[in-house]
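Undergrad: Take this sequence and fold it.
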Amino acid sequence: MIESCSKKRMIIAIACLIGLSVLVLIVENELTPSDTRPHTHTTEHPNTTLRELCWMREEVQELEECQPCTAFETTSGNPSVCSSAKYRQKINCSKTGEVFRKCDRVVWLEERHFWIFEAMMALLGMAAGLATMARQKILDHRVVQRIQRQVAAGV
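TA: Reported below is the predicted structural model:
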């Protein structure tokens, strides 16, 4: 079935599929409310104080998105959540005040990694396509040369 499609139809079909994929990604990203995305905050570190666990018993306001801890924060242990976790989030508890809590993922970092992966796969796909086209050109040239030799030999 696919062999009977012209080159123009194949390019149009591929462009439509790519466009549809991008549209689905955009719609999924926009329609998923931020409060339904999973946020897991753990309390497994033994040096965690009651002040740092205020988010479990008080109203909280997120002051910063989840951010990766810097190398300095990890080695110094300030804020203390960075000594046991890779990511931290600054929040404001209604009674306790500003504290940091652990978080398991950084949305913008995951999105960046996803788009880097997509770009690499697109480049790899283009390179494979170009290599295929170059190889097809070489094979076509060899066929033409073989036919010319046969015609010259009088076969």
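
Undergrad: so where does the residue nearest the centre of the chain fall, helix or strand?
TA: Geometric centre of the chain, nearest residue: residue 114, 1.0 Å, by Cα atoms, centre = their mean. Taking DSSP states H and E as the criterion, residue 114 maps to helix 107-153.

Undergrad: what mean pLDDT does that helix have?
TA: When pLDDT is averaged along helix 107-153, the result is 93.

Undergrad: can you give me how far that helix is from the chain middle?
TA: 25 Å (Cα atoms, centre = their mean, to the nearest Å).

Undergrad: domain ranges for the chain?
TA: 54-105, 106-148 (the TED database).

Undergrad: what's the most buried one of these?
TA: domain 54-105 (a mean of 16; mean count of other Cβ atoms under 10 Å). Yep, even glycine has a C-beta here, placed from its N, CA and C like the rest.

Undergrad: first to last residue in that one, what's the distance?
TA: Here the two ends of domain 54-105 are set 20 Å apart, with distance taken as Cα to Cα, to the nearest Å.

Undergrad: And for stretch 81-101?
TA: 6 Å.

Undergrad: which residues are in contact with that stretch?
TA: Contacts to stretch 81-101, defined as Cβ atoms under 8 Å, 6 or more residues apart in numbering, come from residues 41-42, 44-45, 47-48, 51-52, 54-55, 58-70, 73-74, 76-77, 79-80, 102-106.

Undergrad: Please narrow the residues you listed to those residing in helices.
TA: The helices, defined by DSSP state H, take in 73-74, 76 from the contacts of stretch 81-101.

Undergrad: I'd like those as JSON lines, with pLDDT and distance to residue 98 appended.
TA: As requested, the ones in helices among the contacts of stretch 81-101 are exported to JSON lines (pLDDT from 0 to 100; distance: Cβ to Cβ, whole Å):
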{"residue": "73", "pLDDT": "84", "distance to residue 98": "15"}
{"residue": "74", "pLDDT": "83", "distance to residue 98": "20"}
{"residue": "76", "pLDDT": "83", "distance to residue 98": "18"}
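
Undergrad: Of the domains of the chain, which is nearest residue 26?
TA: Nearest of these to residue 26, taken as Cβ to Cβ: domain 106-148 at 12.0 Å.
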